[in-house]
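Student: Sequence and computational prediction follow.
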Amino acid sequence: GGIITQTPKFLIGQEGQKLTLKCQQNFNHDTMYWYRQDSGKGLRLIYYSITENDLQKGDLSEGYDASREKKSSFSLTVTSAQKNEMAVFLCASSIAEGWGAETLYFGSGTRLTVL
Amino acid sequence: QQKVQQSPESLTVSEGAMASLNCTFSDRSSDNFRWYRQHSGKGLEVLVSIFSDGEKEEGSFTAHLNRASLHVFLHIREPQPSDSALYLCAVMSNYNVLYFGSGTKLTVEP
């Protein structure tokens, strides 16, 4: 079995600060995703990547950058933290095709607080 | 772009009474739907996945898909207080991207 590791688990930043969240997976999955979840709400797609060095924008990409320099890692940067960005950021991964392709594995999240 | 909406935003039922949650989506060609549950402060738990019109049962959870009307429902049979949680509908699109609804907060009263 594999695991998705998100670091840090808790991130506290100042308004206007640039902040980076990291995600590592050892499933050897092709596709990785970043979602944001506000308290008590659904998940919104920020970015996804179907292979190394690929980036695709989701519905919520404005204000964020992403990087997929290795197949196993996918990082997300909040370019300028705003108070309304207090949320949990979830990373996920899946294989591209074949048996099990439709299963997404989620990390445990990074909880962002902006002061 | 897939749009997914859920109703109601919150629902309170008595223990043992059927709970019904509604989800609408925008792309009639979609063929991969799932319902998740999330207890407060916890991760996502897949309850049931459905890929064709009709019903799919997993334990006390039944998903009902009607693509013509762009609806997928979740019925919870004899819910318990431990079923109180946020319920999320998700529709899968290209590259296995999941588009989520905003959720229904279910409270089951003893």
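Tutor: Arrived safely.
Student: Is residue A:106 in contact with residue B:44, as I believe?
Tutor: Yes: counting by CB atoms under 8 Å, residue A:106 touches residue B:44, with 5.7 Å between them. Every residue, glycine included, has its C-beta placed from N, CA and C.
Student: So if I had to pick from those two, which one is more boxed in?
Tutor: Neighbour count, other CB atoms under 10 Å in any protein chain shown: between residue A:106 and residue B:44, residue B:44 has more, with 23 against 17.
Student: if I read this right, that one contacts residue B:35, doesn't it?
Tutor: No: if you go by CB under 8 Å, residue B:44 and residue B:35 don't touch, sitting 10.4 Å apart.
Student: count of neighbours near the nearest residue to residue A:65 once chain neighbours are set aside?
Tutor: Using CB to CB, 6 or more residues apart in numbering or on different chains and skipping the chain neighbours, the partner closest in space to residue A:65 is residue A:77 (4.4 Å). Neighbours of residue A:77 under the rule other CB under 10 Å: 14.
Student: contacting residues around residue A:18?
Tutor: Residues counted as contacts of residue A:18 (CB atoms under 8 Å, 6 or more residues apart in numbering or on different chains) are A:77, A:78, A:79, A:80, A:81.
Student: switch the cut-off to 10 Å
Tutor: Contacts were defined as CB atoms under 10 Å, 6 or more residues apart in numbering or on different chains; by that measure residue A:18 touches A:65, A:77, A:78, A:79, A:80, A:81.
Student: Can you say which of these are buried?
Tutor: Among the contacts of residue A:18, those scoring as buried are A:78, A:81 (criterion: 16 or more other CB atoms under 10 Å in any protein chain shown).
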